[in-house]
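Participant: what's the 3D shape of this:
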Amino acid sequence: MLLGPSGTGKTFLAAGLCADAIENGYKAYLKTMEELISTLKMKDLTRSSLADYKILIKADLIIIDDIMLFPVEKSQAVSLFNFINLLYEKTCFIITTNKMATEWAKMLDDEVLATALLDRLLYRCDVISMSGESYQMKNRKTFFEPQN
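Facilitator: Below you'll find the model as predicted:
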């Protein structure tokens with residue numbers, strides 16, 4: 001788990017790990033939580049979503065970017081849990097988030113489901129805390145500074 005505020009390089013690092021895994025012959029995929037939820041929601045309705053789903057369940061590594069960035073509806077949270085539970089101990093996960101584990105219950109509006117999801121994701125997991133100033137904002141300071 002890569003944990004830290006926006007702009008600290010979580011997605012950049014995760015994308016690099018994904019690219020490295022692919023270069024070494026692994027089936028690795030990076031999806032935002034929103035993209036993953038959409039795939040799970042639409043897999044029974046569209047061929048393309050079903051194809052994406054079938055690819056993901058055969059993956060060696062799945063990176064879920066910005067997990068819990070936005071509140072999640074109960075049905076979507078259950079779908080996410082079922083997906084992660086299906087791949088539990090079969091697939092490696094890397095997740096990026098700016099939310100502490102204690103905030104997940106709020107985002108899911110369900111403490112029990114949040115605990116179960118975290119239990120699956122954090123099993124044999126290292127949490128890497130990333131900190132510092134937002135890289136994007138640091139390099140865009142001129143945008144926010146008054147012009148003379």
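Participant: can you tell me how far the residue nearest to L2 when sequence neighbours are not counted is from G4?
Facilitator: Spatial nearest neighbour of L2, chain neighbours left out: K10 (4.2 Å); criterion: CB to CB, 6 or more residues apart in numbering. The way it works is simple: take the backbone N, C-alpha and C, and place the C-beta from them, glycine included. For K10, the distance to G4 (CB to CB, to the nearest Å) stands at 6 Å.
Participant: just the element for I62, please.
Facilitator: Here I62 sits within strand 61-65, counting by DSSP states H and E.
Participant: which residues sit against that strand?
Facilitator: 10-11, 14-15, 17-18, 21, 26-33, 36, 56, 87, 91-96 (CB atoms under 8 Å, 6 or more residues apart in numbering).
Participant: check the average confidence over it, would you?
Facilitator: Here strand 61-65 scores 98 as its mean pLDDT.
Participant: and it, which residues are buried?
Facilitator: Judged by neighbour count using 16 or more other CB atoms under 10 Å, the buried positions of strand 61-65 are L61, I62, I63, I64, D65.
Participant: stretch 100-110 too?
Facilitator: A101, W104, A105, M107, L108, D110.
Participant: before we move on, back to that, now the contacts of strand 61-65: which count as buried?
Facilitator: Buried members of those, counted by 16+ other CB under 10 Å: 10-11, 14, 17-18, 21, 28-33, 36, 56, 87, 91-96.
Participant: how close does the residue nearest to the spatial centre of the chain sit to G132?
Facilitator: When CA atoms, centre = their mean is applied to the chain, the residue found nearest the centroid is I64 (2.3 Å). Distance of I64 to G132, given as CB to CB: 22 Å.
Participant: name the element Q76 belongs to?
Facilitator: helix 74-87.
Participant: can you name every helix or strand that that helix contacts?
Facilitator: Contacts defined by 3 or more CB pairs under 8 Å, 6 or more residues apart in numbering; DSSP states H and E place helix 74-87 against helix 33-42, helix 111-122.
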